[in-house]
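**Student:** Here's a sequence, model it:
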Amino acid sequence: MSADWGSFFHLSSGTRSSMDESKPEAGSGEDEVVEPEQGNVLSHIISQLRPGADLSRVVLPTFILEPRSMLERITNFMAHPETLLPMPTIDDPLERFVSVVKFYLSGWHIKPPGVKKPLNPILGETFTCYWDYPDGTRGYYIAEQTSHHPPKSSYFFMAPEHHIRIDGTLKPRSKFLGNSAASMMEGIAILRFLNRGRNPEKGERYVLTQPNMYARGILFGKMKYELGDHSYVRCPENNLVADIEFKTKGYFSGTYNAIGGTIKNEKTGEVYYELNGLWNGEMFIKDVHTHKKDVLFDATHAKHTPPSTRPIEQQGERESQRLWHSTVKALIARNHEAATDEKTKIEDRQREEAAKRADDGVEWRPRLFRPVHGGPGGPDEGEEDLDWIISAHIDSQNPELAVKQILSIAPILDGQKDNSQFQIPPHVPKQEEQTAPSSSDAVDVKNTGSGTGSGPSEAPQPSSEGKKSVERKDSRTSEVDEYVDAEEK
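**Tutor:** Now for the predicted structure:
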């Protein structure tokens, strides 16, 4: 039986959704409160085995599955506006960089008890949300599963009035390490301050990577979640870099959840600050010249700010909360069988869609994101690791216009409707690729834009005439928790 450990982790849960009843708090020590029945994955599976039992019917225990999609889980990255919004206003480049490091470290404490696995986004799944800030402004988030095999979750965030934009793609890759499973968190996020830098379109950029994530005790012992290895925050415009080590606990020494690191000039090698502490507790920053040590961020008492979403009845069938609604209800009710049944229906549908694309000789393309055009002289030079970026032009200097452009990409606010009949795939025949519109033909809403959900969501869809019937392939004949293979052959 194969579980999708690759998406087991990533910025552990904490953002409230309309379907998530849990309200986790930050941990503050080595031991975590877990559900009373939690033992280990192996014992739960063995307990279901009987002579002559159908192994394909064995289900994972409730504590393994978190009742929301990975696309929604990523929003923890923006869950502390008190660290996010002040950053672009800081004039000193080094102090501004320190504020970015603080923001970067502020989201890791948001996690549920124990070890949770989010629902795997299916190809073409989308999620949108927004934050209302105390000053009357908003932050907007749009995400889409741009690849399924290998998994890639692409996302876009912007707070136009605060000159903040984030583009990112998460690309988890799993490894098995005996009694542990590791998720190698590949991909990057690029944070931009659009009121800074020499290029007003690009702004001042900060390239962020993530630590790897580990589930200990998956075969025996108590399960434990750890962050590990090095991650980096880089500002190429100012030659600054933070090398942050998330330290895993040794067998005989060390502690859980520790970090250490430095902030230095990447060009000269001069170290300005040292970092240490616990990512789920107090984190400290020390000036190496004055030896003054201050609290950088205290996760113990920090309160995150969950985003808001449109009601489920307003959402399209491919939007995360509507798509997984029945599965989530069963998970919250701890109904293992019902959750598996609902999850299986979605996975089987995705297999059918992949088979139909293969039969029709077409290729799937993301709806809201376009390929990155990198390389020397390319418009996205230096951002190749994103793979995908939002397929719309967003004005970097006019916040009012930027809001209209963002809202034209996909419905985000209550009352906006998804006007598309979003079929999978939004595709073109392979032989017509040469005449297909360029991916650079992004949405560009001018001052007359209404911001009511027009744009790519209204693109004409392929005709349904001549569709071939597709044999249904029950995922129960395969591994229950395996990625659905939607890769084009």
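
**Student:** After the helix or strand harbouring residue 83, heading C-terminal, what element do we hit next?
**Tutor:** Per DSSP states H and E: residue 83 is located in helix 81-84. Stepping forward along the backbone from helix 81-84, the first helix or strand reached (DSSP H and E) is helix 93-105.

**Student:** could you give the mean pLDDT of that next one?
**Tutor:** Taken as a whole, helix 93-105 has a mean pLDDT of 98.

**Student:** And stretch 143-152, by the same measure?
**Tutor:** Stretch 143-152 comes out at a mean pLDDT of 94.

**Student:** Show me how far it is from its chain's centre.
**Tutor:** Its chain's average C-alpha position is 10 Å from that of stretch 143-152, according to C-alpha atoms, centre = their mean, to the nearest Å.

**Student:** same question, stretch 220-235
**Tutor:** Stretch 220-235 sits 16 Å away from the centroid of its parent chain (C-alpha atoms, centre = their mean).

**Student:** Which stretches in this structure count as helices?
**Tutor:** 41-46, 70-73, 81-84, 93-105, 320-323, 325-332, 336-360, 399-409 (DSSP state H).

**Student:** Nearest to residue 374, out of those?
**Tutor:** Ranking the helices of the chain by proximity to residue 374 (C-beta to C-beta) places helix 399-409 first, at 21.8 Å. Any C-beta I mention is one placed from the backbone N, CA and C, and that applies to glycine too.

**Student:** sorry, back to before: comparing the helices of the chain, which stretch has the densest surroundings?
**Tutor:** helix 70-73 (a mean of 28; mean count of other C-beta atoms under 10 Å).

**Student:** could you say what helices and strands that one packs with?
**Tutor:** The contact analysis (3 or more C-beta pairs under 8 Å, 6 or more residues apart in numbering; DSSP states H and E) places helix 70-73 against strand 117-119, strand 126-132, strand 138-148, strand 151-159, helix 320-323.

**Student:** by contact count, what packs against the last one?
**Tutor:** The reference is to helix 320-323. Checking 3+ C-beta pairs under 8 Å, 6+ apart, helix 320-323 ends up next to strand 65-69, helix 70-73, strand 126-132.

**Student:** How about residues contacting the helix holding residue 83?
**Tutor:** Residues outside helix 81-84 that contact it (C-beta atoms under 8 Å, 6 or more residues apart in numbering) are 78, 99, 102-103, 106, 131, 133, 139, 159, 162, 164, 297, 305.

**Student:** same thing but 7 Å
**Tutor:** Outside helix 81-84, the residues within contact range by C-beta atoms under 7 Å, 6 or more residues apart in numbering are 78, 102, 103, 106, 131, 133, 164, 305.

**Student:** okay, now the first one: neighbour count?
**Tutor:** Residue crowding around residue 78 was assessed by other C-beta atoms under 10 Å; the count is 24.

**Student:** Show the low-confidence segments of the stretch 251-400 of the chain, by residue range.
**Tutor:** By pLDDT under 70, the stretch 251-400 of the chain has no low-scoring segment.

**Student:** before we move on, back to that, same list, the helices of the chain, but as a markdown table with distance to residue 301 please.
**Tutor:** As requested, the helices of the chain are arranged in a markdown table below (distance: least, C-beta to C-beta, whole Å):
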| stretch | distance to residue 301 |
| --- | --- |
| helix 41-46 | 33 |
| helix 70-73 | 23 |
| helix 81-84 | 12 |
| helix 93-105 | 15 |
| helix 320-323 | 30 |
| helix 325-332 | 28 |
| helix 336-360 | 35 |
| helix 399-409 | 32 |
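
**Student:** Which one of these lies nearest to residue 187?
**Tutor:** The nearest among those, by C-beta to C-beta, is helix 70-73 at 12.2 Å.

**Student:** Return that closest one as CSV; C-alpha atoms alone will do.
**Tutor:** Output in CSV follows, covering the C-alpha atoms of helix 70-73 (Å, rounded to 0.1, in the frame of the first residue of the first chain):
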residue,chain,number,x,y,z
MET,A,70,-2.8,21.3,-0.4
LEU,A,71,-3.8,24.4,-2.5
GLU,A,72,-5.5,25.8,0.6
ARG,A,73,-2.8,24.7,3.0
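
**Student:** what's the spacing between it and its chain's center?
**Tutor:** On C-alpha atoms, centre = their mean, the centre of helix 70-73 falls 5 Å from that of its chain.

**Student:** Stretch 75-89 now?
**Tutor:** On C-alpha atoms, centre = their mean, the centre of stretch 75-89 falls 16 Å from that of its chain.

**Student:** remind me, longest strand of this protein?
**Tutor:** strand 164-177 (DSSP state E).

**Student:** Direction-wise, compare that strand with helix 399-409 and give the angle.
**Tutor:** 50 degrees (axes from the mean of the first three to the mean of the last three C-alpha atoms, to 10 degrees).

**Student:** can you tell me which residues contact residue 118?
**Tutor:** With C-beta under 7 Å, 6+ apart, residue 118 has these contacts: 7, 66, 68, 69, 70, 73.

**Student:** mind checking how far it is from residue 228?
**Tutor:** 19 Å (C-beta to C-beta, to the nearest Å).

**Student:** Same question for residue 92.
**Tutor:** 32 Å.

**Student:** The two: which is more packed in?
**Tutor:** residue 228 (16 against 9).

**Student:** got a list of what the spatially most central residue of the chain touches?
**Tutor:** Nearest to the geometric centre of the chain sits residue 74, at 3.2 Å (C-alpha atoms, centre = their mean). Listed by C-beta under 7 Å, 6+ apart, the contact set of residue 74 reads 11, 143, 153, 155, 170.

**Student:** from those residues, which is closest to residue 286?
**Tutor:** residue 11 (26.6 Å).

**Student:** The closest residue to residue 268 other than its chain neighbours: neighbour count?
**Tutor:** Nearest non-adjacent residue to residue 268, counting by C-beta to C-beta, 6 or more residues apart in numbering: residue 239, 7.8 Å away. Under the neighbour criterion other C-beta under 10 Å, residue 239 is assigned a count of 13.

**Student:** Numbering from 9 from now on, please.
**Tutor:** Happy to do that; since the first residue is 9 now, the last one works out to residue 247.

**Student:** I'd guessed residue 247 sits against residue 271; true?
**Tutor:** No: counting by C-beta atoms under 7 Å, residue 247 sits too far from residue 271 to count as a contact (11.7 Å).
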